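Undergrad: below are the sequence and a predicted model; questions follow.
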Amino acid sequence: MNASFGAGALSFEESPGAMVMLGAKAARDCLGNERLNVINLQVTTLFIGVFVLVQIPMTVMVGYRRAVTGIQFFDGGDQTLLRRMRAHGNYTETVPIVLLAMAAAELTGAPTWLLWGGGVSLLVGRLMHAAVLVLRGWGLPRAIGMILTFVPMLGFGAWCIWRAAMAA
């Protein structure tokens, strides 16, 4: 089965195991009554929402410190601002790539326990890491937070490579 969407702008060719993300109405409009596999990223979507909400206070903490100190760029030698910036930066450097790998894992059929385990590990790890970094700068919980971040990074990455290798 072939379907064309909007003057050939996007095309879809169904093959065994093909997965396509389309809204149910769009799928019916384009393909009529033919059956279409619609993929739902329920677990990843939930974690994306949670991580977006966690990002807000982290961003606000940096902006608030900048307003209080009058430091517009960099850290100006202010250790509190530096710790807040690094907590925010570490979060921003690690969370998106793990969520991307999590979405790819969910799309390729990762088991629910892997998705939930990886998502919870990432969340606990990022919260531990940020809290210790902001409050003290260093401590064992910060290192544990990094380990809890690397576990889903490794797990989802390995899953994606394994699924790609199996499909080849």
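TA: Sure, I can see it. Not measured: the values here are computed from a predicted model.

Undergrad: from here on, contacts and neighbour counts on C-alpha atoms
TA: Will do.

Undergrad: what's the spacing between the residue nearest the centre of the chain and Leu115?
TA: Nearest to the mean C-alpha position of the chain, by CA atoms, centre = their mean, lies Leu99 at 1.9 Å. Relative to Leu115, Leu99 is positioned 10 Å away (CA to CA, to the nearest Å).

Undergrad: now swap in Val60 and tell me
TA: For Val60, the distance to Leu115 - CA to CA - is 29 Å.

Undergrad: the more surrounded of these two?
TA: Using other CA atoms under 10 Å, the more surrounded residue of Val60 and Leu115 is Leu115, with 22 against 13.

Undergrad: residues contacting Ala130?
TA: 87-88, 91, 142 (CA atoms under 8 Å, 6 or more residues apart in numbering).

Undergrad: regarding it, which helix or strand does it belong to?
TA: helix 112-135 (DSSP states H and E).

Undergrad: repeat for Phe156
TA: Element membership for Phe156, per DSSP H and E: helix 140-167.

Undergrad: CA atoms only for stretch 49-60, dumped as CSV, please.
TA: Output of stretch 49-60 as CSV, limited to C-alpha atoms (Å, rounded to 0.1, in the frame of the first residue of the first chain):
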residue,chain,number,x,y,z
GLY,A,49,6.1,16.7,30.3
VAL,A,50,7.7,16.0,33.7
PHE,A,51,11.2,17.1,32.6
VAL,A,52,9.9,20.2,30.9
LEU,A,53,8.2,21.2,34.2
VAL,A,54,11.4,20.5,36.2
GLN,A,55,13.4,22.7,33.8
ILE,A,56,11.3,25.8,34.6
PRO,A,57,12.4,26.3,38.3
MET,A,58,16.0,25.5,37.3
THR,A,59,15.9,28.3,34.6
VAL,A,60,14.2,30.7,37.0
